[in-house]
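Student: build me a model from this:
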Amino acid sequence: MIIEIDDNSGFCFGVIKAINKAEEVLKQDSTLYCLGDIVHNSYEVNRLESLGLQTVDREQYFTMSNCTVLLRAHGEPPETYMYAKENNIKLIDATCPVVLRLQKKVNEGYQDIESKEGQLLIFGKKGHAEVNGLVGQTKGNATVIEGPDDLSHVDTNKKTLLFSQTTKSLDGYHKLIENLQSKIGQENLLYHDTICRQVANRIPKLREFSQKYDIIVFVGGEKSSNARVLYNMCKENNTNSYFISNPDQLDFSLFHKNSKIGVCGATSTPRHLMELVAYKIRSYFEN
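Tutor: Numbers count the residues shown, from 1 in each chain. As a prediction, the model looks like this:
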């Protein structure tokens, strides 16, 4: 049996930064609050909660005061910062630098397109934390586009400015741009390529990786949109691809002693979790 872990899978630098900051604070303080899951992976969230991290939702956050709160890599809208300032909340800001730059671009772009009575669109997942932070830069006036069905909400007579959530696929973004250009005209559409290359570049590498093995075990969080995108790409290139969130979900009947197995994951999947999956498969057949 051959079991290999994809060297390109695992945490992106934005997630690494957030987790490192959380661990640094927890070495000094017994309690640290995090606004939303620090990463869309319940295994890693549970590990950090065992160290003292407490996850709170937005409703809880807006009742808190006199405490320390970590902002995860996804970013937050302006009202999160204003509330902290007014209620003596110390923020540990772990927003990914790529997301911070995008927030600034969206804010500046919105002011410009608003002055021209145009519209601002964001290609992303509705309700996603990063997207909520981006929409917040437009005073809630951006239109979120998940796919072709949402194009009915676009005013074809207006000047249009388009941005993308950093973790969306490049292919999907390019198709949306072509679709919009055909509807409103190239001269009325201005778009910015705001997709994170560290994430986007994983797709061709993972496509190549998934084709090398008899079976692909993709390890990802149920809440992670990035995990679903990458897993679906694996499935397209290797029909024997299976999604699990933790080692307990392994189905050993899928493997045999001569299987060539590839283990990979999302930008929110910790390396040690993929290693544990590989170890459990190997141990099952050695015992």
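Student: distance check, the residue nearest to R228 when sequence neighbours are not counted against Y231.
Tutor: Closest residue in space to R228, ignoring its immediate chain neighbours: G220 at 7.5 Å, by Cβ to Cβ, 6 or more residues apart in numbering. Just so you know, the C-beta spots here come from the backbone N, C-alpha and C atoms, and that holds for glycine as well. Separation of G220 from Y231 (Cβ to Cβ, to the nearest Å): 6 Å.
Student: quick one, strands of the stretch 101-250 of the chain?
Tutor: With strands called from DSSP state E, counting those that start in this stretch, the stretch 101-250 of the chain shows them at 119-123, 143-145, 160-164, 189-191, 215-219, 241-244.
Student: quick revisit: pLDDT score for the residue nearest to R228?
Tutor: G220 carries a pLDDT score of 95 in this model.
Student: quick one: contacts for it?
Tutor: Going by Cβ atoms under 8 Å, 6 or more residues apart in numbering, G220 touches N41, N226, A227, R228, L230, Y231, F243, S245, G265, A266, S268, T269.
Student: just the buried residues of the residues you listed.
Tutor: Applying 16 or more other Cβ atoms under 10 Å to the contacts of G220, the neighbour count classes N41, N226, A227, R228, L230, Y231, F243, S245, G265, A266, S268, T269 as buried.
Student: which one of those residues is nearest L254?
Tutor: Within the buried ones among the contacts of G220, the smallest distance to L254 is 12.1 Å, found for F243 (Cβ to Cβ).
Student: is the closest one in contact with I216, as I believe?
Tutor: No. Taking contacts as Cβ atoms under 8 Å, F243 lies outside contact range of I216: 9.5 Å.
Student: related to what we said a few turns ago, now the common contact residues for G220 and Y231.
Tutor: Common neighbours of G220 and Y231 (Cβ under 8 Å, 6+ apart) are F243, A266.
Student: can you give me the buried ones in stretch 34-51?
Tutor: So, applying 16+ other Cβ under 10 Å, buried residues of stretch 34-51: 34-45, 48.
Student: any idea how far apart the tips of that stretch sit?
Tutor: Taking Cα to Cα, to the nearest Å, stretch 34-51 runs 13 Å from one end to the other.
Student: neighbouring contacts of that stretch?
Tutor: 11, 15, 18-19, 22-23, 26, 53-58, 61, 69-74, 76, 80, 129, 220-227, 245-246, 266, 268-270, 273.
Student: can you check stretch 99-118 too?
Tutor: 14, 73-75, 95, 119-120, 122, 130, 133-134, 137-139, 141-142, 158-161, 163, 166, 192, 194.
Student: go on, stretch 131-142?
Tutor: Residues outside stretch 131-142 that contact it (Cβ under 8 Å, 6+ apart) are 74-79, 95, 99, 102-103, 106-107, 110, 114, 120-122, 124-125, 144, 163, 165.
Student: now, of the residues you listed, which are buried?
Tutor: Among those, those classed as buried by 16+ other Cβ under 10 Å are 74-77, 95, 99, 102-103, 106-107, 110, 120-122, 124-125, 144, 163, 165.
Student: out of those residues, list just those in helices.
Tutor: Members of those lying in helices (criterion: DSSP state H): V99, L102, Q103, V106, N107, Y110.
Student: including pLDDT and distance to E86, could those go into TSV?
Tutor: Formatted as TSV, these follow (pLDDT from 0 to 100; distance: Cβ to Cβ, whole Å):
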residue	pLDDT	distance to E86
V99	96	24
L102	97	26
Q103	97	21
V106	98	24
N107	97	21
Y110	97	24
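Student: closest one of the residues you listed to K260?
Tutor: Looking at those and their distance to K260, the nearest is V99, at 37.4 Å (Cβ to Cβ).
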